[in-house]
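Colleague: Dropping a prediction and its sequence here:
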Amino acid sequence: MSEATTRRMEKIVSLCKRRGFIFQSSEIYGGLNGCWDYGPLGVELKRNLKDFWWRRMTRERDDVLGMDGSILMNRQVWKASGHEDTFSDPMVDCRACKGRFRADQLPEKDGEKFCPNCGSRDLTEPRAFNLMFKTYVGATEDETSLTYLRPETAQAIFVQFKNVLEMSRKKLPFGIAQIGKAFRNEINPRNFTFRSREFEQMELEYFCKPEQGQELLKYWLEERLKFYEAIGIPRDKLHVKNISEADRAFYSKGTFDIEYEFPFGIQELEGVAYRTDYDLTQHQNASGKPMDYYDEETRQRFVPHVIEPSAGVDRTVLALICNAYDEETVTDEKGKTETRVVLRFHPRMAPIKCGVFPLLKNNEALVAKAREVVALLREHLFVFYDETGAIGRRYRRQDEAGTPFGVTVDFDTLGERGPELLDTVTLRHRDSMKQERLPIKELLGRLSPEVR
Ligand code: GAP
């Protein structure tokens, strides 16, 4: 990372804490590596992202249903899926400083790997380190009660495939979508929330006939790219990596990674994978329960194939913040220049949609009118009322929070400068800082379509 990008990342991390987007988990006790808490603005941003994904991927489609599986599942699930035996990263220890690192991420000089912590080349041979967190179910702590915190949400969908198929009587192709927590005991959590130990996934398993697989893989890749554009991430910041046969899972007939240009490098946001019939077949074999589908047209029974777009909530939130962060030099009416920090979120993703400000806080009529505006908008979009400090300061605070609109109630609103401006307000636009005058009764009609 160059000095400029390191500095940019530092500013983003510091803004996240200062404005209540993201805090270190358990901070007062020194934190817990790889775990993060979302503050008041962060939780709104995250919720907007998840709600929009859910809307696009399930409610606006006839062919996708939702579900919400449990985090703890029968250990047999993880044996059958292959996670118990193979969900691991190669790990090495540094004999000099006792640091522990992922073997595939070690720096190299003259063809020899060295410790990123102390520089020593005295490293152990790589060993497989299983990334699943172990836990025990019930009062006894032994092999019989052992299970894991799920490392992905997908398996709950596979094991419920037959139940959903039977209750919905869907025809192929159709999908099951889920959003939920996943846990991985990452060897080196890093890059802020990018690689965490507790995170959320938004996953779709889209079941199809084998002959539809390749076409649907391309279809879902394109759908997912459109999704990122719809949340404000421009296509030119997104990269599609076609994973070679040698690098993808042995059962996959095609995998694409959707990557984003983070300040710390181009990194994966989502995987779109054609997983064939691997998962359903594994569960069918291990459980002895059929996972097949009967095609009435061809009168054939077969195990469906699946396309899986699997996105990370936290990584996408981080991409949204990195993408939105901007600094610009602005000059006020008195000729004074200052740096304006602004988060240019797409209004659809912005945590707060509109700030509402009475020009003065000690004027009862202004405050009452501003409260009326809040009541009018609040039912439909998340607004924030602020009466403290100079109006310019209040605008700046909302710029930093990424609020796309600001409404100011002033003496014109009260009709003090003539009846024609009575019940009109100033609408300020975050990005251009332009202001316009419009009647209060037109506000909702103007803002609603922008933030939906
Ligand atoms: N079911 C397939 C699956 O889980 P994955 O590529 O391991 O595939 C999917 O994970 C997505 O989950 C990733 O693209 C990423 O966005 C997110 N993800 C995975 N590990 C993560 C971690 N340690 N921290 C944050 N997000 C993670």
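Modeller: Received it, and whenever you're ready, just let me know what you need. Residues are numbered from 1 along each chain as shown.

Colleague: need the contact list for Glu125.
Modeller: By Cβ atoms under 8 Å, 6 or more residues apart in numbering, the contact set of Glu125 is Val92. (Each C-beta comes from the backbone N, C-alpha and C, glycine too.)

Colleague: May I ask which helix or strand encompasses it?
Modeller: Using DSSP states H and E, Glu125 falls within no helix or strand.

Colleague: Going by residue numbers, what spans are strands in the stretch 351-452 of the chain?
Modeller: Read by DSSP state E, counting those that start in this stretch, the stretch 351-452 of the chain holds these strands, from start to end of the chain: 354-358, 383-385, 405-409, 424-429, 435-439.

Colleague: Just the closest residue of the protein to the ligand, please.
Modeller: Of all residues in the chain, Gly312 sits closest to the ligand, with a separation of 2.2 Å (Cβ to the nearest ligand atom).

Colleague: Bridged to that residue, which residues?
Modeller: Gln201 (DSSP bridges).

Colleague: Assess the claim that it and Glu200 are in contact.
Modeller: Yes: the pair Gly312 and Glu200 passes the contact test of Cβ atoms under 8 Å, sitting 7.3 Å apart.

Colleague: So the two - more neighbours on which side?
Modeller: Set side by side, Gly312 and Glu200 show more neighbours around Gly312, with 23 against 20, by other Cβ atoms under 10 Å.

Colleague: residues in contact with Gly34?
Modeller: Contacts of Gly34 by Cβ under 8 Å, 6+ apart are 186, 189, 195-198.

Colleague: Which residues does stretch 324-340 contact?
Modeller: Applying Cβ under 8 Å, 6+ apart, the set of residues contacting stretch 324-340 is 8, 11-12, 15, 232, 341-345, 392, 396, 399, 402, 433.

Colleague: Try it again at 7 Å.
Modeller: Counting contacts by Cβ atoms under 7 Å, 6 or more residues apart in numbering, the residues outside stretch 324-340 that touch it are 12, 341-345, 396, 399, 402.

Colleague: So which of those are in helices?
Modeller: With DSSP state H as the criterion, helices contain 12, 396, 399 from among these.

Colleague: And the residue nearest the centre of the chain, how close does it get to Glu152?
Modeller: What sits nearest the mean C-alpha location of the chain, by Cα atoms, centre = their mean, is Val313, with 2.2 Å. Counting by Cβ to Cβ, to the nearest Å, the separation of Val313 from Glu152 is 13 Å.

Colleague: what's the overlap in contacts for the two?
Modeller: Taking Cβ under 7 Å, 6+ apart as the contact criterion, the residues that touch both Val313 and Glu152 are Gln201.

Colleague: Ends of stretch 89-105, what's the gap?
Modeller: Stretch 89-105 has an end-to-end distance of 10 Å (Cα to Cα, to the nearest Å).

Colleague: let me fix that: stretch 421-437
Modeller: 9 Å.

Colleague: What lies in contact with it?
Modeller: In contact with stretch 421-437 (Cβ under 7 Å, 6+ apart) are residues 342, 344, 373, 395, 399, 403-410, 412-413, 415, 438-440.

Colleague: buried set for it?
Modeller: The neighbour-count criterion (16 or more other Cβ atoms under 10 Å) identifies 421, 423-428, 430 as the buried residues of stretch 421-437.

Colleague: related to what we said a few turns ago, from the contacts of stretch 324-340, pick the one nearest Ala246.
Modeller: Using Cβ to Cβ, the shortest approach to Ala246 within those belongs to Ile12, at 35.4 Å.

Colleague: I'd like to know how many residues surround the closest one.
Modeller: As a burial measure, Ile12 scores 20 neighbours (other Cβ under 10 Å).

Colleague: Beta-bridge partners for the residue lying closest to it once chain neighbours are set aside, please?
Modeller: Take Ile12 and drop its neighbours on the chain: the residue closest to it by Cβ to Cβ, 6 or more residues apart in numbering is Tyr325, 5.4 Å away. With DSSP bridges as the criterion, Tyr325 is bridged to Leu343.

Colleague: same deal with the one 5 residues further on?
Modeller: Beta-bridge pairing of Val330, defined through DSSP bridges, involves Glu338.

Colleague: ok, so what distance separates it from Val342?
Modeller: Here Val330 is placed at a distance of 10 Å from Val342 (Cβ to Cβ).

Colleague: Check Asn130 too.
Modeller: Here Asn130 is placed at a distance of 44 Å from Val342 (Cβ to Cβ).

Colleague: In terms of packing, which of these two has more residues around it?
Modeller: More neighbours sit around Val342 than around the other of Asn130 and Val342, counting by other Cβ under 10 Å; the figures are 22 against 18.

Colleague: How about that one: what's its closest non-neighbour residue?
Modeller: Leaving aside its chain neighbours, Val342 sits nearest to Asp399 (4.3 Å; criterion: Cβ to Cβ, 6+ apart).

Colleague: ok, now Thr403?
Modeller: Closest residue in space to Thr403, ignoring its immediate chain neighbours: Ile352 at 4.4 Å, by Cβ to Cβ, 6+ apart.

Colleague: Now do the contacts for the one you found.
Modeller: With contacts taken as Cβ under 7 Å, 6+ apart, Ile352 has the following neighbours: 382-384, 398, 401, 403.

Colleague: Around the ligand, which positions in this protein sit nearby?
Modeller: By Cβ under 6 Å from any ligand atom, the residues of the chain that approach the ligand are 152, 154, 184, 186, 195-196, 199, 201, 203, 268-271, 308, 310-312, 314-315.

Colleague: what about 5 Å?
Modeller: Within the chain, the residues that sit near the ligand (Cβ under 5 Å from any ligand atom) are 152, 154, 184, 186, 195-196, 199, 201, 268, 270-271, 310, 312, 315.

Colleague: Please give me every residue in contact with Tyr148.
Modeller: The contact partners of Tyr148, taken as Cβ under 7 Å, 6+ apart, are 78, 132-135.
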